Every structure is written in structure tokens, then in C-alpha cells.
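**Student:** Can you look at this prediction? I've put the sequence above it.
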Amino acid sequence: MRILQSRVLWGVLLILAGVLFLVESLNLIKFGSAWAVLFAAAGLGFGYAFLEDRSRWWAIIPAMALLGIAGLVGLDAWLPGEVGPWGGTLFLGSLGLAFLIIYFATHREQWWALIPAGVLVTLATTVGLEPILPDEAFVGLFFLGLGLTFALVYVLARRDQGLRWALIPAGILGLMGVIFLSLAGRLATIVWPVVLIVVGGYVLLRSARR
């Protein structure tokens, strides 16, 4: 039955591809829109495979990657030259979301997925903000994002997973982020209050876990 369903799915996708390219060749839709729809359809196909069997968590990675590409292609077709760095944010963010879905969908068993999720979401954020940030702030936010990623690995881990080691890279990367942000001129006046807030929040989390 699954083979039949797969053949039906890919048959529908092929027909959809033919119709879209025909319509595009007749200049009824913008160039690139057909590709966006095809990438989205392929992404939804992988997403369906994941929803049908949650043990196939790997399928969510190509699903979100293809949906991210679909979004990029579609935006470039309808807003040519105006996407800018936000295109990278969209694609990297979609990949980061894929690993977050893996983490929560597997009931936190695949704890490693938090690391690529955090790295990709951090990259997505910094790439989008790069045009308006000084270099020191860009680097500082990147390191802070990585530090927060490892902090979340520890905070969200189950007690039986033994992930206390994650506090070491969290502390080192967080400190590097604070140092670089302190060098970013005006941002220095808000960095240290934020640090105090984060440290206070960490203390409260530790007390709540006991």
C-alpha cells in the first residue's frame, strides 16, 4: 500500500510539474513560481512521510529544506532583487526549525538536534541583522546564540541523559559573546543589564530543577 501511495504521490507531482511549466511557458505566471510550487510540493511529500511514521524523523530535514527553497524562489520571483539577506534568514531558519521539530517529536531522545537547531537559528538571525549591526555586535550575537544553544541542551535535557558538560561550552561561548558585544559602542550600556537578567534567570532555573 505504501508503494502504491508513493507512486500515486510522485505521479501527481509529475503531472503538477508539467501543468506548471506549461502555464509558465504561456507567461500566465511569473518565471520561478513553478519551481517554487514544485519545491513546496516535494517538501510537503517528505513532510507527509514524517507525519505518517514519526520514526522517520530524518524526513523532516529535506521537507523543511525544500520548503525553505520554495520560499526563497517564490519571493525572488515576486519581489526580484528585494529579498536581500532575509533570503538566507528564511532558508537557515527553516533548517533550524527542522531540527527543533526532530527534538520535540522524538520526545527529547535526539538531544543532539538542539545543537544544529541553535547554530542554524543563530546564523539565520545574525545574517538577517548583519546590514544594521557593527562587526563586534554581529560576532557577539553569534557567540551568544551558540552559548544559549548549549545552555538549552542542559536545561531541556532529561535527568538521565548526563548532559552537564554542555554548561562548559555554554559558559565559554556566552562570555565571548558578552565581550564582543561590550566592544560595540552603544550596545555596551545594555549588554551588562541583559547579562544580569540572564544569570538571574539561570539561577531561578537551577533552583526550580532541584
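**Tutor:** Received the coordinates, thanks. Numbering: from 1, shown residues only.
**Student:** Output the contacting helices and strands for the helix or strand where residue 170 lies.
**Tutor:** Following DSSP states H and E, one finds residue 170 within helix 167-182. Applying 3 or more C-beta pairs under 8 Å, 6 or more residues apart in numbering; DSSP states H and E, one finds that helix 167-182 contacts helix 135-156, helix 188-209. Heads up, the C-betas are built off the backbone N, CA and C, glycines and all.
**Student:** how about that helix as CSV, C-alpha atoms only?
**Tutor:** Extracted C-alpha coordinates of helix 167-182, given in CSV (Å, rounded to 0.1, in the frame of the first residue of the first chain):
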residue,chain,number,x,y,z
LEU,A,167,27.5,24.1,30.6
ILE,A,168,31.2,24.4,29.7
PRO,A,169,30.8,25.5,26.1
ALA,A,170,27.7,27.5,27.1
GLY,A,171,29.7,29.5,29.6
ILE,A,172,32.7,30.0,27.4
LEU,A,173,30.7,31.0,24.3
GLY,A,174,28.4,33.2,26.3
LEU,A,175,31.4,35.0,27.9
MET,A,176,32.9,35.6,24.4
GLY,A,177,29.6,36.9,23.2
VAL,A,178,29.4,39.4,26.1
ILE,A,179,33.0,40.6,25.5
PHE,A,180,32.3,41.3,21.8
LEU,A,181,29.0,43.0,22.5
SER,A,182,30.8,45.2,25.1
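**Student:** that older thread, would you single out the least confident of the helices and strands packed on helix 167-182?
**Tutor:** Note on those: helix 188-209 shows the lowest mean pLDDT, a mean of 67.
**Student:** Would you mind measuring from residue 137 to residue 144?
**Tutor:** 10 Å (C-beta to C-beta, to the nearest Å).
**Student:** any common contacting residues for the two?
**Tutor:** residue 181 (C-beta atoms under 8 Å, 6 or more residues apart in numbering).
**Student:** Now tell me which helix or strand of the protein has the poorest mean pLDDT.
**Tutor:** helix 2-25 (a mean of 60; mean pLDDT, DSSP states H and E).
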